[in-house]
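Colleague: Structure, please.
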Amino acid sequence: MAKSSHRVRVHAAPAKVYEALATKDGLKGWFTSKIDGEVKQGQRITMSFDGKEPFHWRVTQLKPDVQVSWACLDGPGAAKDTTVTYVLKGEGPDQTVIECDHDGWPEGHEALATCNTLWGMLMHRLKDFSESGKPNPAFD
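Modeller: Numbers count the residues shown, from 1 in each chain. Predicted structure coming up:
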């Protein structure tokens with residue numbers, strides 16, 4: 001199985017970054033404004049995008065200020081049965097390193113490169129939202 005990995009340093013405390021990852025309003029601030037469901041461990045969330053197939057995720061791990069994980073129940077391409085894990089590492093009073101892994105891709109699948117590019121863009125949206133608090137979802 002293949003994995004896409006990203007790492008970004010954010011000038012915000014881990015609690016602020018965690019809120020952006022672990023709440024519906026937080027996800028609407030940087031990912032997509034169209035989210036159904038509750039961001040609670042074991043619950044299902046659906047992220048929709050105009051004219052595109054939605055992603056259906058199960059929230060599998062919520063460790064405040066440390067980790068958020070999702071498992072893809074259904075989505076475009078080979079996304080089904082993949083996992084996304086965000087690990088937050090505080091570095092000083094208002095700095096967090098976010099590591100994001102999207103794991104479980106079939107080796108050599110053509111959608112991995114596209115997804116990897118998308119995650120790079122999303123990580124910078126997450127960074128901007130965590131630092132500024134100004135919503136600017138990638139998909140509106």
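
Colleague: Just the strands from this structure, written as ranges.
Modeller: Ranges of strands in the chain, per DSSP state E, are 2-10, 35-37, 44-49, 52-63, 67-74, 83-90, 96-105.

Colleague: Kindly reformat these as TSV containing mean neighbour count and distance to Phe129.
Modeller: No exception for glycine: its C-beta is placed from N, CA and C like everyone else's. Output for these, formatted as TSV (neighbours: other CB atoms under 10 Å; distance: least, CB to CB, whole Å):
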stretch	mean neighbour count	distance to Phe129
strand 2-10	16	10
strand 35-37	16	14
strand 44-49	17	15
strand 52-63	17	19
strand 67-74	19	15
strand 83-90	18	14
strand 96-105	19	12
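
Colleague: Figure out which of the ones you listed is closest to Met123.
Modeller: Evaluated over the strands of the chain, closeness to Met123 peaks at strand 2-10, with 4.8 Å, by CB to CB.

Colleague: who touches that closest one?
Modeller: 17, 91, 95-109, 112, 115-116, 119-120, 123-124, 126-127, 130-131 (CB atoms under 8 Å, 6 or more residues apart in numbering).
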